[in-house]
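S.K.: A predicted structure for the sequence below; I have some questions about it.
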Amino acid sequence: MWMLLKGPGPSRLTGEVGILKGIRANDLSLTRRCFLYMQHEESSYLGCLLFNDVAFSRHITALLQCYFDHPIAEIGSLDLSHLL
């Protein structure tokens, strides 16, 4: 789920919509969080990925940094089986 940060769009969106504009990863206790910033039409949205495995979250965070300005649908279709 995506939550509206700024703009005239709906307060919440679901699905693989928009363009990835930025990420921020934070270590909090044993859980790793990665916040995603996305642009959809004229609005900015925030999403969050939660990980239990810190090493896996680092791989995903590094991968996502290579996909700024790419559609979320494209990112969602990536084959990540080699990371498991």
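M.R.: Now that the structure is in, tell me what you want to look at.
S.K.: Run through the strands of the chain in chain order.
M.R.: For the chain, the strands defined by DSSP state E cover 2-6, 12-13, 19-28, 31-40, 43-51.
S.K.: Buried residues, stretch 23-43. List them.
M.R.: Residues of stretch 23-43 classed as buried: 23, 25, 32, 34, 36, 37, 38, 39, 40, 43 (neighbour count, 16 or more other C-beta atoms under 10 Å). Quick note: C-beta positions are derived from backbone N, CA and C, even for glycine.
S.K.: Please name whichever of the strands of the chain is nearest to residue 66.
M.R.: With C-beta to C-beta, the closest approach to residue 66 among the strands of the chain belongs to strand 19-28: 10.1 Å.
S.K.: Run through who's touching stretch 53-68.
M.R.: Contacts with stretch 53-68, where a contact means C-beta atoms under 8 Å, 6 or more residues apart in numbering, come from 20-23, 25, 27, 32, 34, 36, 49, 51, 74-75, 78, 80, 83.
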